[in-house]
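Undergrad: Have a look; sequence and predicted model below, questions after that.
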Amino acid sequence: MSEIVFWLLAILSVGAALAVVILRDVFRAALSLVFLFLTIAVLYITLYADFLAVVQILIYVGAISILIIVAVMLTRDVWHGSPPGKLRIPALVVSVLLLGTMVFTIVTTKWQTSTEPPMQPTTVAIGNSLFSQGGYILPVEISAVLLLAAILGAIVLIREK
Amino acid sequence: MTVGLAHYLVLSAVLFCIGLYGVLSRRNAVVILMCLEIMLNAVNIALVAFSRYVVPTFLTGQIFAIFVIVVAAAEAAVGIAIIMTIYRWRESVDVDKFDLMKW
């Protein structure tokens, strides 16, 4: 059962990613990106990462895709579409070479996997390790500062002079 | 053949390379930003797969993925603000015409 789900999700996500890269119509590419985010959220569920699946839907499908669609609508180049650049062939060669190297490395490495059953509801454990003493509280604070800096930077950049 | 760690890692590598091809070959800056998001999502899949198959009782990979999502959100906001600013100046989002930093 889980095999069927994985292969289905793999085919759908690779197809959606190819559509983002290949389609000339920027708006359709953005919609295909939203579909890709949804398939990745389901992929997280198959990996027993329930909290991360919800975070993926909230942040990527909810926020980032809206931001990208607004950007597509505000930049009027929608009508020109997304023409391929001059470096198409070198880009293809570089990506295929990198893909070959990575797949070869992944397949030939003997991964030391654990057979323990995965943690079932992950939300409590993630909350504990994010906010507890000796956990990841310092990175959480730093990411809050990073988000504030990003908001201020975006406002300063976009403000009318 | 049961689905294991290697399957998820290969899927992640395929998505990463599709995103890389998009970043290198497209000319529309918004599409380049979308392909960057594909690459970050591919990395997240790899992190969650490692977390599931290598250390199932610790959630280190998932927590790392959460931080990647935070940084990706910040990057998307600032990136789109930069694209909007350049669009206001140049009336274009074609990266071949972005030569503001060329002296």
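TA: That came through fine. Numbering: from 1, shown residues only, chains lettered A, B, ... in the order given.
Undergrad: C-alpha only now, for contacts and for neighbours.
TA: Noted.
Undergrad: residues contacting the residue most central in space within chain A?
TA: With distances taken as CA atoms, centre = their mean, chain A has A:F37 as the residue nearest its mean C-alpha position (6.3 Å). Applying CA atoms under 8 Å, 6 or more residues apart in numbering or on different chains to A:F37 gives the contacts A:Q56, A:I57, A:Y60, A:V61, B:N41.
Undergrad: Just put these in TSV and tack on secondary structure, distance to B:S12 and neighbour count.
TA: Formatted as TSV, the entries for the contacts of A:F37 read as follows, by DSSP: H, G, I helix; E, B strand; the rest coil; distance: CA to CA, whole Å; neighbours: other CA atoms under 10 Å in any protein chain shown:
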residue	secondary structure	distance to B:S12	neighbour count
A:Q56	helix	16	22
A:I57	helix	18	18
A:Y60	helix	17	24
A:V61	helix	19	19
B:N41	helix	8	26
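Undergrad: Just the closest of those to B:I66, please.
TA: Ranked by distance to B:I66 (CA to CA), those are led by A:Q56 at 9.1 Å.
Undergrad: Thought A:A41 was touching that closest one, still the case?
TA: Yes. Assessed by CA atoms under 8 Å, A:Q56 is found in contact with A:A41 at 5.8 Å.
Undergrad: B:V3 and A:L52, how far apart?
TA: Counting by CA to CA, to the nearest Å, the gap between B:V3 and A:L52 amounts to 20 Å.
Undergrad: So those two - more neighbours on which side?
TA: In terms of neighbours (other CA atoms under 10 Å in any protein chain shown), A:L52 is the more surrounded of B:V3 and A:L52; the figures are 24 against 12.
Undergrad: And the pLDDT at the more buried one?
TA: With respect to pLDDT, A:L52 scores 93.
Undergrad: what's near enough to touch it?
TA: Residues near A:L52 by CA under 8 Å, 6+ apart: A:A41, A:Y44, B:Q62, B:I66.
Undergrad: Could you check how far the third one is from B:R27?
TA: The reference is to B:Q62. 33 Å.
Undergrad: Also the first one?
TA: For A:A41, the distance to B:R27 (CA to CA) stands at 29 Å.
Undergrad: These two: which has the busier surroundings?
TA: When A:A41 and B:R27 are compared on other CA under 10 Å, the one with more neighbours turns out to be A:A41, at 25 against 22.
Undergrad: Wasn't that one part of a helix?
TA: Yes. Applying DSSP: H, G, I helix; E, B strand; the rest coil, one finds A:A41 inside a helix.
Undergrad: How about it: what's its closest non-neighbour residue?
TA: Leaving aside its chain neighbours, A:A41 sits nearest to A:A53 (4.6 Å; criterion: CA to CA, 6 or more residues apart in numbering or on different chains).
Undergrad: what's the burial count for A:T115?
TA: 10.
Undergrad: Could you tell me whether it really is in a helix?
TA: No. Assessed by three-state DSSP, A:T115 does not belong to a helix; its assignment is coil.
Undergrad: Now it: closest residue in space, sequence neighbours ignored.
TA: Excluding its sequence neighbours, the residue lying closest to A:T115 (CA to CA, 6+ apart) is B:Y53, at 7.7 Å.
Undergrad: Quick check, A:V20 in contact with A:V34.
TA: No. Under the criterion of CA under 8 Å, A:V20 makes no contact with A:V34, lying 9.8 Å away.
Undergrad: Of those two, which one has the most company?
TA: Using other CA under 10 Å, the more surrounded residue of A:V20 and A:V34 is A:V20, with 29 against 24.
Undergrad: If you drop the residues flanking it in sequence, what lies closest to that one?
TA: A:A29 (4.4 Å).
Undergrad: what's around A:M1, how many residues?
TA: For A:M1, the number of neighbouring residues by other CA under 10 Å comes to 5.
Undergrad: All good on my end, thank you.
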